[in-house]
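[1] Below are the sequence and a predicted model for it; my questions follow.
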Amino acid sequence: MDDLQPVEIEKEPIGRSRAGDFVFGAFVGIIAIISAIMLGELGAGPAITIISFFLLALCLRYFTLRHAPVVAIGVDVTEEELAILKRMRTLVGALPQPVMILDGESIVEMVNPACIKMFGEDLIDKHISSFIRSPKALDVLRNARRQNAFTEAEFTSTGATERTHLFYAAPLDQDRLHGDGRMIVMIRDRTKQKKLEQMRTDFVANASHELRTPLTSMGGFIETLQGHAKDDPIAQEKFLNIMARQTNRMLRLVEDLIGLSAIELNEAKPLTDMVDLDEVAGAVAETLTPMALKQNIDFELIRSQTPLWMDGDRLEIFRVVQNLCDNAMKYGAAEGGQQTKVILRVGQGVPPEIDALDHTGESPQQTAVRAGADISELVWLQVQDNGGGIDRNDLPRLTERFYRVNPQLSRSMGGTGLGLAIVKHILQRHQGGLQIASTPNEGATFTCVFPLARSKATPPRLEKEAS
Ligand code: ADP
């Protein structure tokens with residue numbers, strides 16, 4: 001139990017105050033002047049001795065206290081306290097969140113670099129309300145002071161973009177009687193989490209809605225089949241066909257949902273296999289050609305002359321190529337009696353540039369920089385159609401879950417609204433990039449680029465040595 005006894009810290013002042021320096025200097029100076037007057041008649045020798053004594057006293061004070069930190073008037077700081085203060089300052093400075101210390105009147109005493117980054121320079125000696133104007137945040141501060149306890153609340157700052165923050169305030173010294181009212185304030189940006197929470201809620205709402213619609217209609221048909229269509233074989237045939245279609249739609253949706261969650265779960269898993277993108281493109285084309293023929297679509301595959309090795313999961317890459325080609329065939333129908341044409345190209349290096357009116361996503365150059373690869377060390381696939389294209393307002397939202405330009409058309413085509421979201425997640429796992437180019441009434445082109453397999457790429461070190 002002895003260990004728990006409070007340790008007495010010897011309160012030996014080692015801090016140096018500017019006032020102390022001034023008083024000491026003035027004191028020595030006055031003594032020197034009085035001595036000089038009194039010993040005026042003694043001649044040059046004693047005068048030089050007195051001046052030397054004066055200079056020596058100043059030097060002594062300077063050299064003994066030159067490393068002592070400057071403290072405010074009347075503040076005694078022990079060595080231990082100084083060390084703690086220094087450590088606290090380093091710790092607060094290293095925190096990624098904005099942190100500030102306020103005095104009893106909510107005037108800023110100390111801020112860390114993250115705080116300066118958020119609110120700008122020159123915060124010291126300012127009242128907190130001069131740069132945080134949210135009444136909610138200021139209420140938190142007041143409550144923390146009143147209750148003498150840690151308090152937090154969320155507030156939204158409006159500016160160029162709306163951001164959500166969590167504002168924490170706590171008294172530094174919780175001794176209500178003797179505390180000096182100083183507070184520590186910490187701010188955490190929750191915009192990203194808030195967005196994720198919103199996405200999760202929207203996702204559940206959308207998924208339930210997508211399942212509820214066919215289920216409701218199936219319920220209706222079952223009732224009809226049990227009721228007045230009981231003895232009507234023609235109606236029965238018709239309704240059963242519709243029910244089969246609805247069941248397929250729900251199955252596709254459930255499969256896509258399971259696929260999406262599996263891909264999300266796998267996202268952090270390292271890629272251990274290699275895939276030949278050229279071979280995958282060939283396999284996808286083989287499965288889609290019969291459908292293209294049936295729908296009178298001119299489907300062309302332009303293969304690479306060599307294998308296109310990338311680090312990846314073959315099933316996932318197959319899914320990317322299949323989803324993009326599938327979409328081109330579903331939504332890329334040419335207008336004005338023209339022949340619908342879908343081209344699937346694969347290759348290495350820089351993909352062919354598409355001369356289109358609108359673009360969204362990452363350029364191959366940007367993907368190369370992000371993946372730390374040379375532009376020549378990319379493999380790519382491109383799916384081009386000559387359909388109606390995509391409106392520029394819809395382009396940036398296409399990879400959102402359940403986002404469809406025309407929900408009715410997508411449903412009638414058997415779409416779930418999850419295809420491009422799945423593509424996006426697979427690309428993320430494979431360090432790939434997606435760019436979508438479109439010209440209204442001329443068609444859309446989806447380009448995916450991936451870094452070449454590590455074992456096939458020039459290691460950056462060797463490349464540097466070679467150059
Ligand atoms: P869906 O299951 O509806 O096909 P996707 O996520 O695959 O879902 O695609 C989202 C939406 O993007 C589609 O509903 C469609 O409106 C649009 N889209 C995708 N590919 C094309 C394309 N090649 N041309 C025009 N619109 C497209």
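    Structure's in. What do you need?

[2] Low-confidence ranges, the protein, go.
    Applying pLDDT under 70 to the chain flags residues 1-21, 36, 39-44, 47, 65-78, 159-160, 174-179, 458-467.

[3] Helices of that one, start to end?
    In the chain, the helices defined using DSSP state H lie at 18-38, 44-65, 79-94, 113-119, 135-147, 191-226, 233-266, 277-294, 314-331, 364-371, 407-412, 419-429, 460-466.

[4] give me the number of residues near Ala207?
    By other Cβ atoms under 10 Å, 20 other residues sit near Ala207. For glycine as for every other residue, the C-beta is placed from the backbone atoms N, C-alpha and C.

[5] gap between it and Asn323?
    To Asn323, Ala207 is 18 Å away according to Cβ to Cβ, to the nearest Å.

[6] you'd agree Gly361 is up against Leu427?
    No. The criterion here is Cβ atoms under 8 Å, and Gly361 misses it with Leu427 at 9.8 Å.

[7] who touches both of those two?
    Here Gly361 and Leu427 share the contacting residues 433-434, scored by Cβ atoms under 8 Å, 6 or more residues apart in numbering.

[8] show me what contacts the residue of the stretch 51-200 of the chain found nearest the ligand?
    Relative to the ligand, the nearest point of the stretch 51-200 of the chain is Met199 (15.3 Å; Cβ to the nearest ligand atom). Counting by Cβ under 8 Å, 6+ apart, Met199 makes contact with Arg401.

[9] Let me know the distance separating it from Ala421.
    11 Å.

[10] hey, what's in contact with both of those two?
    With contacts taken as Cβ under 8 Å, 6+ apart, Met199 and Ala421 have Arg401 as neighbours in common.

[11] Enumerate the residues of the stretch 51-200 of the chain near the ligand.
    The stretch 51-200 of the chain has no residues near the ligand, with proximity defined as Cβ under 6 Å from any ligand atom.

[12] Once you drop chain neighbours, what's closest to Asp358?
    Excluding the flanking residues, the one nearest Asp358 by Cβ to Cβ, 6 or more residues apart in numbering is Arg392, at 4.2 Å.

[13] was I right about that neighbour contacting Leu398?
    No. Using Cβ under 8 Å, Arg392 is not in contact with Leu398, being 11.4 Å away.

[14] With neighbour numbers in mind, choose between the two.
    Set Arg392 next to Leu398 and count neighbours by other Cβ under 10 Å: Leu398 wins out with 23 against 14.

[15] Show me what Phe299 is bridged to.
    Val342 (DSSP bridges).

[16] residues near it, how many?
    19.

[17] now Gly120
    Using other Cβ under 10 Å, Gly120 is surrounded by 9 other residues.

[18] repeat for Phe27
    Per other Cβ under 10 Å, the neighbour tally for Phe27 reads 11.

[19] Same check on Phe22?
    Residues lying near Phe22 (other Cβ under 10 Å) number 10.

[20] Could you report the distance from it to Arg87?
    30 Å.

[21] How about Pro96, nearest residue that isn't a chain neighbour?
    Nearest non-adjacent residue to Pro96 (Cβ to Cβ, 6+ apart): Ala114, at 5.8 Å.

[22] right, and that neighbour touches Leu95 too?
    Yes. Here Ala114 lies in contact with Leu95, judged by Cβ under 8 Å, at a distance of 6.5 Å.

[23] between these two, which one's more packed in?
    Remark: of Ala114 and Leu95, Ala114 carries more neighbours, 20 against 13, as counted by other Cβ under 10 Å.
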